[in-house]
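Give the three-dimensional model of this entry:
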Amino acid sequence: MQTLAQQFLTEAEQNTISALVQEMEQQTSGEIVPMVVSASHSYPTAVIFGATVLALPLSLLLMPVVGGLLWLGSQNVWIFISLFLAFYGLFYELVRRLSWLKRLFLSSSQIEAEVQEAAITSFFTERLYKTKEENGILIFISVLEHKVWVLADAGINARIDPGQWQDIIALITAGIKAKRQSAAICEAIRQIGQLLQTHFPIQDHDINELHNIIVK
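Model prediction:
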């Protein structure tokens, strides 16, 4: 079964993006790494909260019906507990497995914090801070949360206003909403590549230090 990240970009689209990154990096010493992850966090509290919110009213509604059918009274607490446990188990699995359902129980602040943390963690685990000129840049896309982050190393941020990355984020986000994620990512890579060409021109003996695309 494909992950959300694998569904987000087909293998052909991944190859196209990888080839474009390689093309851009032949014109700059900067390193561009697009990274697509299925989710930035598993959100266990959202699963518990969602299962509870869905199971509780349904159990209350069905309690008098089941109690009447079994001749146990309309307010039997044991019927309620039995119904709640059964529905909780069902909805727990549904919320855990269905990304669109899980999103209903995530707050915007929670999403922002988790995606930011995941992007920063990935920047270091994928060794973007290890480039020779501190000119690595990460395009981080978290599919479940519908969020995009762009993180650049110190060498880039010393020469390029970090505020420009908001335009890149807006470009990719708009493309995702229009179901044109591959085309939007490619356009973002071209724009980033052009910026890096100005400040980090290609050098002799330059090598590709990082992955051209990461999909998890």
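
so where's the protein shaky on pLDDT?
68, 70-74, 204-209 (pLDDT under 70).

Helices along that one, start to end?
4-8, 11-25, 44-69, 77-97, 99-103, 108-125, 154-157, 165-177, 181-199 (DSSP state H).

mind checking which of those is nearest V143?
In terms of C-beta to C-beta, the element of the helices of the chain nearest to V143 is helix 4-8, at 4.3 Å. (C-beta placed from N, C-alpha, C; glycine too.)

returning to that earlier point: any chance of the helices of the chain in JSON lines, with distance to H146 and mean neighbour count too?
Supplementary listing: the helices of the chain in JSON lines, determined by distance: least, C-beta to C-beta, whole Å; neighbours: other C-beta atoms under 10 Å:
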{"stretch": "helix 4-8", "distance to H146": "11", "mean neighbour count": "17"}
{"stretch": "helix 11-25", "distance to H146": "18", "mean neighbour count": "17"}
{"stretch": "helix 44-69", "distance to H146": "15", "mean neighbour count": "16"}
{"stretch": "helix 77-97", "distance to H146": "17", "mean neighbour count": "16"}
{"stretch": "helix 99-103", "distance to H146": "8", "mean neighbour count": "15"}
{"stretch": "helix 108-125", "distance to H146": "8", "mean neighbour count": "16"}
{"stretch": "helix 154-157", "distance to H146": "26", "mean neighbour count": "17"}
{"stretch": "helix 165-177", "distance to H146": "7", "mean neighbour count": "16"}
{"stretch": "helix 181-199", "distance to H146": "11", "mean neighbour count": "19"}
